[in-house]
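K.L.:
missing the sequence, but the structure's below:
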């Protein structure tokens, strides 16, 4: 059965186009690795290691992949270089499987006592507000009633941008302007969502990392306040990362994981960059599933990642 039997042709085309730069860079490097070779030997593995690292997969994840391929070479004795793509594809899919990367096909929500509460974190400039807007659009398109909460009150521009997105998507927003108490905004947003019988609330938060203690205290306060309104909230703490920054995104993930308990990742701006390998490395090293990927500027170009669809697209000719 074809891998894409469950996925729309349109979604596959958007994903293929979004990963095109990463794919071309990766396969050009890989082709140079195996030129003149007939079997996978130490030299091929050394060159493959360099290819993966320079594709922003990350050192630790690269070494893990190389060790697994070495085990397969030892077991199967002789592996031809023509099989290298298939082996790599299988090992990367296995890594994503181990780290619970989703097999999302639609924007359904789990059953919760009250609205599903999604708190979004990430530094300024990674596409956080745009991701929130696109998420709101996707949830609304799926028939969900959405409310936004503008708890990034540190920057006036953050509130203004979220208001613009709420108007563009056509969903209500709760905001108190710049310098308001972020927890108070979140509290009001959840109260409003409950009163409107909303299905999902998306809460924006400040993107400051220069003082992790203040950030940690702020996020903890927001979480405590929200749980008083909706038991178990927030149900999802989503960290937004800019995929085009490669290993810098990994460093941000580590820093934010120290400040709050992240349970999902969104990696944006994968279109136009050769650093798409960061999806593999971050999910492996952080042990946090990548849930959403941004592969274009359009409203539909924020996708729920499906690991088999992602890997198949990455390795498609």
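P.N.:
Sure thing, it's come through. Not measured: the values here are computed from a predicted model.

K.L.:
Report the contact partners of residue 311.
P.N.:
Contacts for residue 311 were tallied using C-beta atoms under 8 Å, 6 or more residues apart in numbering; they are 89, 92-93, 96. Where C-beta positions appear, they are placed from N, C-alpha and C, glycine not excepted.

K.L.:
how close does it sit to residue 255?
P.N.:
Using C-beta to C-beta, to the nearest Å, residue 311 is found at 28 Å from residue 255.

K.L.:
Can you tell me the number of residues neighbouring residue 18?
P.N.:
As a burial measure, residue 18 scores 24 neighbours (other C-beta atoms under 10 Å).

K.L.:
Which residue, neighbours along the chain excluded, lies closest to it?
P.N.:
residue 295 (2.5 Å; C-beta to C-beta, 6 or more residues apart in numbering).

K.L.:
Nearest residue to the middle of the protein?
P.N.:
residue 266 (2.2 Å; C-alpha atoms, centre = their mean).

K.L.:
A strand includes it, no?
P.N.:
Yes. Assessed with DSSP: H, G, I helix; E, B strand; the rest coil, residue 266 lies in a strand.

K.L.:
what's across from it in the sheet?
P.N.:
For residue 266, the beta-bridge partners are residue 240, residue 292 (DSSP bridges).

K.L.:
Quick check, it in contact with residue 131.
P.N.:
Yes. Counting by C-beta atoms under 8 Å, residue 131 is a contact partner of residue 266 at 5.4 Å.

K.L.:
so what sits against both of the two?
P.N.:
By C-beta under 8 Å, 6+ apart, the residues touching both residue 266 and residue 131 are 240, 292, 294, 302.

K.L.:
Report the buried members of those.
P.N.:
Listed as buried from those are 240, 292, 294, 302; burial here means 16 or more other C-beta atoms under 10 Å.

K.L.:
residue boundaries of the helices in this protein?
P.N.:
Assigned by DSSP state H, the chain shows helices spanning 9-18, 20-34, 42-54, 59-76, 84-98, 128-141, 156-169, 182-195, 212-229, 247-259, 278-286, 307-315.

K.L.:
Rebuild those helices as CSV, extending it with mean pLDDT and distance to residue 108.
P.N.:
Listed next are the helices of the chain as CSV, based on pLDDT from 0 to 100; distance: least, C-beta to C-beta, whole Å:
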stretch, mean pLDDT, distance to residue 108
helix 9-18, 83, 16
helix 20-34, 83, 29
helix 42-54, 90, 34
helix 59-76, 90, 30
helix 84-98, 87, 21
helix 128-141, 96, 10
helix 156-169, 94, 19
helix 182-195, 98, 18
helix 212-229, 90, 22
helix 247-259, 88, 26
helix 278-286, 91, 22
helix 307-315, 85, 17
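
K.L.:
and these as JSON lines, adding distance to residue 111?
P.N.:
Compiled in JSON lines, the helices of the chain are given as follows (distance: least, C-beta to C-beta, whole Å):
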{"stretch": "helix 9-18", "distance to residue 111": "26"}
{"stretch": "helix 20-34", "distance to residue 111": "36"}
{"stretch": "helix 42-54", "distance to residue 111": "40"}
{"stretch": "helix 59-76", "distance to residue 111": "34"}
{"stretch": "helix 84-98", "distance to residue 111": "25"}
{"stretch": "helix 128-141", "distance to residue 111": "16"}
{"stretch": "helix 156-169", "distance to residue 111": "24"}
{"stretch": "helix 182-195", "distance to residue 111": "16"}
{"stretch": "helix 212-229", "distance to residue 111": "18"}
{"stretch": "helix 247-259", "distance to residue 111": "27"}
{"stretch": "helix 278-286", "distance to residue 111": "26"}
{"stretch": "helix 307-315", "distance to residue 111": "24"}
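
K.L.:
Among the ones you listed, which comes closest to residue 272?
P.N.:
Set against residue 272 and scored by C-beta to C-beta, the helices of the chain come closest in helix 20-34, at 5.8 Å.

K.L.:
Can you point out the buried residues in that closest one?
P.N.:
Result for helix 20-34 [16+ other C-beta under 10 Å]: buried residues 20-23, 25-26, 29-30, 33-34.

K.L.:
what's the closest of those residues to residue 192?
P.N.:
For the buried residues of helix 20-34, the nearest to residue 192 is residue 22 (40.6 Å; C-beta to C-beta).

K.L.:
mind listing what the closest one touches?
P.N.:
Counting by C-beta under 8 Å, 6+ apart, residue 22 has contacts 55, 270, 273-277, 314.
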